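K.L.:
Need coordinates for the following:
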Amino acid sequence: MLAVSNVVRRLSAVVLAGGRNARMGGLDKGLAPVQGEPLAVRVLRILAPLFEEVILVTNQPGQYRPLAGSAVLIGDLFPGRGPLAGIHAGLARTGGEAAFCLACDMPYLSADFIRRQTEAYLARDCDVLLPRVRGEIEPLHAIYRKTLLDAIERILTDGQGYSIRRLYPLVRTEYLELEASSEVVRMFTNVNEPGDLDALRGRP
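P.N.:
Alright, predicted model coming up:
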């Protein structure tokens, strides 16, 4: 197990497992087994050695409690308002100055890259640090400062929609530019449809 570094101690990790999973036919992606373990457990296993505080945001705590280990389970404060509401809930709960926020359905996370991303964030004076590959951003593999709570809450309550992308022009957003290597593409792979699960399981 990797030791928790001084760099990472200033941040927490927030895992979002609260989606409605409409494209999955209602199947909770975080509970879907891949290579013998649920996707969310796979993510938590990678994060646990890196962060002293790991928070799992879910609206099904009863399903996740037996699987979450030392992670703190919380629910959305604004249910039904998408990933931005999950980030808001995690930031409201965290004891860190910022949180590395990610989706629960990313099976190929890289601990080394997460360390690199947190170091890049702490070296900059920004509110959000987003990975960007050929102009495409990764909002759910990003770092958000806790001081964004008020700005996020305004978006969640102004009746203009809950898109996470509304936040970025309003705050100090910076980008971690990456090459579209096979390693990077694999790292950001996620599960959106049942066919994605079949691909992960090696089924045609």
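K.L.:
Need the mean per-residue confidence for stretch 168-178.
P.N.:
Stretch 168-178 carries an average pLDDT of 98.
K.L.:
Check which helix or strand Arg132 maps to.
P.N.:
Arg132 is part of strand 128-133 when elements are defined by DSSP states H and E.
K.L.:
Just the C-alpha atoms of that strand, please, in CSV.
P.N.:
Taking Å, rounded to 0.1, in the frame of the first residue of the first chain, the C-alpha atoms of strand 128-133 are listed here in CSV:
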residue,chain,number,x,y,z
VAL,A,128,-10.8,24.2,-10.4
LEU,A,129,-8.2,22.1,-12.2
LEU,A,130,-9.5,20.1,-15.2
PRO,A,131,-7.6,17.6,-17.3
ARG,A,132,-8.0,18.4,-21.0
VAL,A,133,-7.2,16.1,-23.9
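K.L.:
right, and the helix or strand after that strand?
P.N.:
Under the assignment DSSP H and E, the closest C-terminal helix or strand after strand 128-133 is strand 136-137.
K.L.:
chain center to that following strand: distance?
P.N.:
Between the centre of strand 136-137 and the centre of its chain there are 15 Å (CA atoms, centre = their mean, to the nearest Å).
K.L.:
For it, which strands pair with it and how are they oriented?
P.N.:
Sheet pairing for strand 136-137, assigned by DSSP bridges, gives strand 128-133 (antiparallel).
K.L.:
Name the residues of the partner strand that come out as buried.
P.N.:
Judged by neighbour count using 16 or more other CB atoms under 10 Å, the buried positions of strand 128-133 are Val128, Leu129, Leu130, Pro131, Val133. Backbone N, C-alpha and C define where each C-beta goes, glycine included.
K.L.:
Many thanks, we can stop here.
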